[in-house]
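Next comes the sequence, and after it the predicted model I'd like to discuss.
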Amino acid sequence: MSDQKSGQKSGQKTRTNLVHGGTRRSQYGEVSEAIFLTQGFVYETAAQAEGRFEALGEDEFIYARYGNPTVRMFEERIALLEGAEDAFATASGMAAVNAALVAPLKAGDHVVASRALFGSCEYILSEILVRFGVEVDFVDGTDLSAWKAAIRPDTKLVFFEALSNPTLEVIDIRGVSELAHAVGALVVVDNVFATPIFQRSLELGADVIVYSATKHIDGQGRVLGGVVLGRRDFIRKTLEPYLKHTGGAMSPFNAWVLLKGLETLDLRCRAQAENADKVARALVGHEKVAAVLYPGLPDHPQHNLALAQMEKPGTMVSFEIRGGKEAAFRFLDALEVVVISNNLGDAKSIITHPATTTHQRLSDEKKAALGITPGLVRLSLGIEDGEDILADVMRALEMA
Ligand SMILES: *Cc1c(COP(=O)(O)O)cnc(C)c1O
């Protein structure tokens, strides 16, 4: 599947595009992409400046809030990976989500979103959009009949994480997109957990994809970044005016780090997915573990959908430790290879206790509805040797 993605240079495969795609070489012929750490650009004449403000040509830039050569390389490389016509890079994943939601909406519009969301995405939908007069309904994203009931003739946009945080529910992109497109609504997918390597969301029907590049795309815990991908008219006519005037631009330095991240993204995601599979299978039936949430397991409620929609079931495993918060904390504290943090998609394996950190803000009722129990832990598999991760997890479970 990864060998025949649409939108790529003819004949070139994913891993080639991740290394070479979008490269712009200066007159020096540098091997590694240049960091154009400049906010602005000098014009040879006043007339040239006037012309650029009228219309930008290829390789023409005005101001780094609008675009920059290093940032453009990152945008073109990831657009090639995703098979998208165009992309706009942002300062963080949340700047990308905010722009993708706010730019196309106005007061009076109706939005349907899945309820299992990253906390800040939920905040934009339920606090910010609502304050500006957008009506937002939340549904159980795994239930197509709930989407069907909630989507109205005047629904303008639907939003969901195709693989949800932290309970790893899988949402049917094709099914939801068909329902949304029947009323002309825009389908915006936050694809962070599924990764651009394992899920081709645009081909499945999504109109717009957003990423926190902070996660797998950097993958080494260094910088914040985000990107919105989609059709050229959406990116240039709807999104770009909003972003360039509100200032969510990506730093050229961060774009350079993320370009380097893209070069190894496929290799890292595959190594992480292999470790996820190994750990998930070993946890099944363990006496200290009440449940394993991983779409690659046959008893996962959306296992067949995951197999159909994703090339691999991802790089994350969540599981419920018997004994609640105290047992979960004992487990976290006993880990030696796996670090306690709240990032994900990193080269280092990371463990998170969602109820007390990433999802602390939610009420107890909301946590219960989303399955964020006191014993739930979320493991983001890194690229370490799988045997070492497994031994660490098994040893720490004995202490739980
Ligand atoms: C991390 C994350 C974001 C936000 O990204 P930042 O880069 O931290 O701003 C949005 N959605 C999902 C699913 C995430 O995991």
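Structure received. Residues are numbered from 1 along each chain as shown.

Neighbours of residue 326, how many?
12 (other CB atoms under 10 Å). Bear in mind the C-beta positions are built from the backbone N, C-alpha and C, glycine included.

going forward can the numbers begin at 50, since that is how I track them
Yep, numbering from 50; the last one is residue 375 now.

Show me which residues of the stretch 100-249 of the chain sit near the ligand.
Selection of the stretch 100-249 of the chain residues close to the ligand by CB under 6 Å from any ligand atom yields 141-143, 146, 167, 169-170, 210, 214, 239, 241-242.

Let's see which of the residues you listed end up in strands.
Counted as lying in strands by DSSP state E, out of these, are 210, 239.

next structured bit after the top helix by length along the chain?
For the chain, the helix with the greatest residue count under DSSP state H is helix 301-332. The helix or strand immediately downstream of helix 301-332 is strand 338-342, counting by DSSP states H and E.

Report the angle between that following strand and helix 301-332.
Counting by axes from the mean of the first three to the mean of the last three CA atoms, to 10 degrees, strand 338-342 lies at 130 degrees to helix 301-332.

Looking at strand 338-342 now, give me its mean pLDDT.
Strand 338-342 comes out with an average pLDDT of 98.

and stretch 321-328, how far from the chain's centre?
Taking the mean of its C-alpha atoms, stretch 321-328 sits 19 Å from the chain's own mean (CA atoms, centre = their mean, to the nearest Å).

May I see the buried residues of it?
By neighbour count on 16 or more other CB atoms under 10 Å, the buried set for stretch 321-328 is 321-322, 324-328.

Return the closest of those with respect to residue 234.
For the buried residues of stretch 321-328, the closest approach to residue 234 (CB to CB) belongs to residue 322, at 31.8 Å.

Now do the contacts for the closest one.
Going by CB atoms under 8 Å, 6 or more residues apart in numbering, residue 322 touches 247, 361-364, 430.

and residue 255, backbone torsions?
phi -70, psi 150 (degrees, to the nearest 10).

Does residue 117 touch residue 110 like I think?
Yes - under the criterion of CB atoms under 8 Å, residue 117 makes contact with residue 110 at 6.1 Å.

Same drill for these two, tell me which one is more crowded.
More crowded of residue 117 and residue 110, by other CB under 10 Å: residue 117, with 27 against 17.

could you list every residue that touches that one?
85, 87, 110, 298, 301, 304.

Now, of the residues you listed, which are buried?
Buried members of the contacts of residue 117, scored by 16+ other CB under 10 Å, are 85, 110, 298, 301, 304.

in terms of contact, does the fourth one touch residue 113 like I think?
Yep, that's residue 301 we're talking about. Yes - using CB under 8 Å, residue 301 is in contact with residue 113, at 6.6 Å.

residues shared between the contacts of those two?
87, 120.

Output the contacts of residue 117 as JSON lines; include the columns pLDDT.
Below are the contacts of residue 117 laid out as JSON lines (pLDDT from 0 to 100):
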{"residue": "85", "pLDDT": "97"}
{"residue": "87", "pLDDT": "97"}
{"residue": "110", "pLDDT": "96"}
{"residue": "298", "pLDDT": "96"}
{"residue": "301", "pLDDT": "98"}
{"residue": "304", "pLDDT": "98"}
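
returning to that earlier point: contacting the ligand as well, which ones from the buried residues of stretch 321-328?
Of the buried residues of stretch 321-328, not one also sits near the ligand (CB under 6 Å from any ligand atom).

ok, stretch 424-437 near the ligand or not?
No - using CB under 6 Å from any ligand atom, stretch 424-437 stays clear of the ligand, coming no nearer than 9.9 Å.
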